[in-house]
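Enquirer: next input, structure requested:
(2 chains)
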Amino acid sequence: MKPELDKIRTILIIDDEPAHRMLVKRAIKALNSDLNVAEAWDLSSAKEALIKVNPVAVTLDLSLGRESGFDFLKWLRQLPTSSSVPVIVVTTSQLASDMTTAESLGADAYVSKNSDLQVNSELIQDALKKLLK
Amino acid sequence: MKQTESEHIPPTLSLPNQRELPRVQLAPSSIVTRIALSLTSLGAILFLYWTLSPHYVEITIGLFGGGILGALITLSITENVIKIKAKNLFSNGNDRDLEPSNREENPSGLAVLDELLDNYRESHARFADTLKLIGEEAESLIERYEVLTENLAAAIVIRDEDGKITYCSPYTEVLTGSSLSEIYKSPTDFFIQHAHEEDQDKFKRALSVSSLGEAFQFRYRFIHKTGIHMWAEMRTVPIFSEESKFLGTLSITLDITGTMRYQQQVEERNKDLQEFSYMISHDLKAPIFTIKGMMNVLHEDHKNFFEGERGEILGHIEKAADRLSTLVSAVLEYSKVTTRQISPEPVDLNTVIKEVLYELEPSIKTAEADIFYQQNLPNVIGDKLMVYQIISNLVGNSVKYRDPNRALKIRITSEGKSTRGFVSLTIADSGMGISQEKIEGLFRPFQRAHSGSIEGSGIGLACVKKLLQKLGGSVMVESKEGVGTAFTIKLPIARDIKLEARAR
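Expert: Numbers count the residues shown, from 1 in each chain, chains lettered A, B, ... in the order given. Here you go, the predicted model:
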């Protein structure tokens, strides 16, 4: 499975749960159907996709199976080419400590996956709107 | 004869020579007084030394022996004085001894004297017996003291005014793993030397504080001779002479390694609990999010899929997912309450109540509730968010469990400013009420008084109780089915307000 490639206004969705990727993708498409999405499910596929598609924004789940989304965020911020790419953390974690860690590592927005899907999609869309001016 | 010493002269005794006899008569009673006085002071000295400085047994025994000796000397002197006086009185200038054959010449006087002397000898013998008993008691006390210091699982260490160790109880060897001679010979203070690096300064401070006349208690880490790191708790008190001269310090050190290990285990268990709640927040929430998300997609993209029986089945799945979601949130909330640290601060109850009512305004309006709340409530000590959670939960319950057949009234009142340092706040409603058998388990997690009909996680009141426990308060409930429920919470009153009130 290779990450989808698209050179024009692509958003990279990183989540180990296919259903969650689908939901984020739907939220993005509902906001602007012209936006392309690329998907990744672990650290290596995420790194590969980032370099190939050069996304305008990234949505990042914090738990990627046994790997941590934080590691991807650290790696991303060290790269000169992508150090300023907007990152929206989308997670089921409700721990305040995760939020502060994400912020300190340079995440631009933090959306909690709560059970109210309507609100959830809107939050992702709002964050994208702000970050993609 | 079990008479007490002060009564040993029979009151009916008739005395023939009123002019001379009173001197003789007085002598034994003054001896008795002296005996009594010696005994009392002896007792007092013994008691004082025993209670004030139990570790100065040697001094106690010395004084004690001195006291006994003094009392004996006094006694034998006074006995001789009586003899001489009596002789002079009854011999009428002749050199006759007080022998039985001569007594008949002055029978009444001699009989009296005889009786007096008998009484006196008897009390003397009793006194000697008592002293012997006290001596034995003292010996057994020394024995007990030795048994205690030698077998007590605590190191007793005495330092002189210069901080030099002058005494260590045998247990010190067990505690430190070093022999007593090693401890005495150590060029610097053995205990400071073997304390953990980070605790050495604290140790020195403790000793200097106690040399200023203050008792001091603290915990420190030390290294056992075997190299094992251990925990000790030391209490140090200053020792002063009667003239308030500083003589040194006395320390009692206990091995608390076991306790500290247990505490660490508890902390680790708390950490486990936090990790568990993290697991719940992450791993359990993710699949629920998936189920609900996919149901949502079906609703949006495949509306006709929900027709007929299929729709009903999917409806059940959705409801179950909702319920699961509520429960997971509840577990998470409860574990957060359990592990959350508090930072106590004065909390204004008036503000909290207003904020709660503002927050609940929509549901209060729907319920058409009539709400009364008391003004000018005092500040309590607590954590604002926790106090908010408590009151919000209780008022929320009043609104939620209203009786649809009656108008809802909610009263938030306080009995008074303080009952023993607490503020009590009662939230009473005219709602459904709770049956007697449900009241018992009301504050347990996932126990619900009205399950089924009304949505709820069953965690609210469990959290209320837990929160109040954390804040040092309490909660009580009174309820009658079909009449209403009243929750009374107690929270510690904020002290500054109390002082203000006094100043006024």
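
Enquirer: help me confirm that residue B:410 comes into contact with residue B:426.
Expert: No: judged on C-beta atoms under 8 Å, residue B:410 makes no contact with residue B:426 at a distance of 10.8 Å. Where C-beta positions appear, they are placed from N, C-alpha and C, glycine not excepted.

Enquirer: those two: who's more crowded?
Expert: Remark: of residue B:410 and residue B:426, residue B:410 carries more neighbours, 24 against 17, as counted by other C-beta atoms under 10 Å in any protein chain shown.

Enquirer: who touches the helix or strand hosting that one?
Expert: Element membership for residue B:410, per DSSP states H and E: strand B:409-414. Strand B:409-414 is touched from outside by B:349, B:353, B:369-374, B:377-378, B:395, B:398-399, B:423-430, with contacts defined as C-beta atoms under 8 Å, 6 or more residues apart in numbering or on different chains.

Enquirer: how about a cut-off of 7 Å?
Expert: The contact list for strand B:409-414 (C-beta atoms under 7 Å, 6 or more residues apart in numbering or on different chains) reads B:353, B:369-374, B:377, B:395, B:398, B:423-430.

Enquirer: which residues of the stretch 151-300 of chain B score low on pLDDT?
Expert: Where the stretch 151-300 of chain B drops to pLDDT under 70, the residues are B:278, B:281-282.

Enquirer: show me where it has helices.
Expert: For the stretch 151-300 of chain B, helices defined by DSSP state H, counting those that start in this stretch occupy the ranges B:171-176, B:180-185, B:190-194, B:197-211, B:257-279, B:285-301.

Enquirer: which stretch among the ones you listed comes nearest chain A?
Expert: If you check each of the helices of the stretch 151-300 of chain B against chain A by C-beta to the nearest C-beta, helix B:285-301 wins as the nearest, at 4.1 Å.

Enquirer: quick one: buried ones out of the contacts of strand B:409-414?
Expert: Buried members of the contacts of strand B:409-414, counted by 16 or more other C-beta atoms under 10 Å in any protein chain shown: B:353, B:369, B:371, B:373, B:377, B:395, B:398, B:423-430.

Enquirer: residues touching stretch B:309-316, excluding its own?
Expert: So stretch B:309-316 is contacted by B:295, B:306 (C-beta under 7 Å, 6+ apart).

Enquirer: the same query, at a cut-off of 8 Å, please.
Expert: So stretch B:309-316 is contacted by B:295, B:298, B:305, B:306 (C-beta under 8 Å, 6+ apart).

Enquirer: pull the contacting residues for the last one.
Expert: Going by C-beta under 8 Å, 6+ apart, residue B:306 touches B:298, B:299, B:314, B:315.

Enquirer: repeat that with 10 Å
Expert: B:295, B:298, B:299, B:312, B:313, B:314, B:315 (C-beta atoms under 10 Å, 6 or more residues apart in numbering or on different chains).

Enquirer: please look at the first one and residue B:325 and confirm they touch.
Expert: Going back to what we said before, that points to residue B:295. No: using C-beta atoms under 10 Å, residue B:295 is not in contact with residue B:325, being 11.8 Å away.

Enquirer: residues in chain B within reach of chain A, list them.
Expert: Contacts of chain B with chain A, taken as C-beta under 10 Å from any C-beta of the partner chain, map to B:274, B:277-278, B:280-297, B:299-301, B:321-322, B:324-326, B:328-329, B:332-333, B:336.

Enquirer: just the buried ones from those?
Expert: Buried residues within the residues of chain B next to chain A, counting neighbours by 16+ other C-beta under 10 Å: B:274, B:277-278, B:280-282, B:284-286, B:288-296, B:321-322, B:324-326, B:328-329, B:332-333, B:336.

Enquirer: okay, how far is it across stretch B:169-181, tip to tip?
Expert: Stretch B:169-181 has an end-to-end distance of 12 Å (C-alpha to C-alpha, to the nearest Å).

Enquirer: buried residues of that stretch, list them for me.
Expert: Neighbour-count burial for stretch B:169-181, counted by 16+ other C-beta under 10 Å, picks out B:169, B:171, B:172, B:173, B:175, B:176, B:177, B:178, B:180.

Enquirer: turn these into a markdown table, columns for distance to residue A:88.
Expert: Below are the buried residues of stretch B:169-181 laid out as a markdown table (distance: C-beta to C-beta, whole Å):
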| residue | distance to residue A:88 |
| --- | --- |
| B:169 | 67 |
| B:171 | 64 |
| B:172 | 64 |
| B:173 | 66 |
| B:175 | 59 |
| B:176 | 60 |
| B:177 | 60 |
| B:178 | 63 |
| B:180 | 70 |
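
Enquirer: of those residues, closest to residue B:484?
Expert: Comparing the buried residues of stretch B:169-181 against residue B:484 with C-beta to C-beta places residue B:175 closest, at 61.7 Å.

Enquirer: check contacts around the residue lying closest to that closest one once chain neighbours are set aside.
Expert: Ranked by C-beta to C-beta, 6 or more residues apart in numbering or on different chains and with sequence neighbours excluded, the top spatial neighbour of residue B:175 is residue B:155, at 4.6 Å. The neighbours of residue B:155, taking C-beta under 10 Å, 6+ apart as the test, are B:168-176, B:183, B:191, B:232, B:234, B:251-255.

Enquirer: 7 Å instead, please
Expert: B:168, B:169, B:171, B:172, B:175, B:253.

Enquirer: is it correct that the fifth one is in contact with residue B:255?
Expert: Yes: proximity of residue B:175 to residue B:255 meets the contact threshold set by C-beta atoms under 7 Å, at 5.8 Å.

Enquirer: quick one: residue A:33 is in a strand?
Expert: No: Residue A:33: not assigned to a strand; according to DSSP: H, G, I helix; E, B strand; the rest coil it is coil.
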